[in-house]
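Engineer: Fold the stuff below for me.
(one chain, ligands or ions: 3)
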Amino acid sequence: MICITTRDIHAETTTITVDGNPNDWIELGLNPVGTDPPFNIESYHDICADLLEAWVYNDTENLYFMIKVRGGYPEDWDRNTYFISIDADKNLETGGGMGWEYIISGMDGSAFFSIWNQTTLEFDIKYTLEIAAGDTGYIEWAVPLNYLNYTGKMDLKFSTWDNILKETVNSITVKDICIIPEISSNIIVLALLGITILIFLFRR
Ligand SMILES: [Ca+2]
Ligand SMILES: [Ca+2]
Ligand SMILES: [Ca+2]
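Structural biologist: Ligands and ions are numbered 1, 2, ... in the order given. You can find the predicted model right below:
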């Protein structure tokens with residue numbers, strides 16, 4: 001099971017800057033949660049359809065995603081949409097597509113958060129998201145945790161989509177991602193201090 005937690009990190013709020021630079025992830029000691037081989041695309045596909053790495057992380061505010069593709073922004077950027085599909089209840093029978101409750105998309109500097117609508121049987125675009133791509137092929141997203149309703153563990157599929165041919169090119173599936181929003185260490189210290197004061201007052 002892959003668990004992502006800020007338990008050991010004394011961050012007050014946000015820990016990742018959405019700027020297309022992976023150094024913040026590396027400084028946190030994180031690694032990709034999944035990889036895909038390089039050069040496994042057809043010659044007619046755009047170079048940036050070649051998915052290489054999938055990353056995911058959360059802090060108290062956001063769920064973050066990062067992918068690495070071959071090529072860099074802006075020279076090799078062309079005709080792809082990048083998707084992260086979320087099965088938030090690990091149930092293939094609920095949601096759309098392969099059981100997805102949410103779809104995060106990114107294309108040409110715009111990103112959207114879509115929610116499955118059980119009445120219309122379509123994904124409704126609900127929010128725009130923060131996204132940034134870097135010149136070394138990294139693309140980052142931030143999704144506020146309160147956009148999501150999850151049961152604890154989620155299955156994710158990261159994929160690259162050819163907008164012209166309308167087909168998935170590469171994908172990485174990651175199972176059992178769990179979000180653990182942590183209370184900051186300062187709040188814990190304050191709570192312990194409060195309890196100590198109360199005990200002291202009641203003993204008098
Ligand atoms: Ca960054
Ligand atoms: Ca690939
Ligand atoms: Ca589902």
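
Engineer: elements contacting the longest strand seen in the chain?
Structural biologist: The single longest strand within the chain, with elements called by DSSP state E, is strand 167-180. On a contact count with 3 or more Cβ pairs under 8 Å, 6 or more residues apart in numbering; DSSP states H and E, strand 167-180 meets strand 2-5, strand 34-35, strand 51-58, strand 153-162. No exception for glycine: its C-beta is placed from N, CA and C like everyone else's.

Engineer: packing partners for the last one?
Structural biologist: Yep, that's strand 153-162 we're talking about. Packed next to strand 153-162, using 3+ Cβ pairs under 8 Å, 6+ apart, are strand 51-58, strand 62-69, strand 80-87, strand 167-180.

Engineer: Okay, now the unreliable bits of the protein?
Structural biologist: Applying pLDDT under 70 to the chain picks out residues 1-14, 182-189, 204.

Engineer: And the helices and strands packed on strand 167-180: which comes nearest ligand 3?
Structural biologist: Evaluated over the helices and strands packed on strand 167-180, closeness to ligand 3 peaks at strand 153-162, with 8.3 Å, by Cβ to the ion.

Engineer: Measure how that closest one sits relative to strand 51-58, angle-wise.
Structural biologist: Put simply, strand 153-162 runs at 140 degrees to strand 51-58, going by axes from the mean of the first three to the mean of the last three Cα atoms, to 10 degrees.

Engineer: Report the strands that pair with strand 153-162, each with its relative direction.
Structural biologist: strand 80-87 (antiparallel), strand 167-180 (antiparallel) (DSSP bridges).
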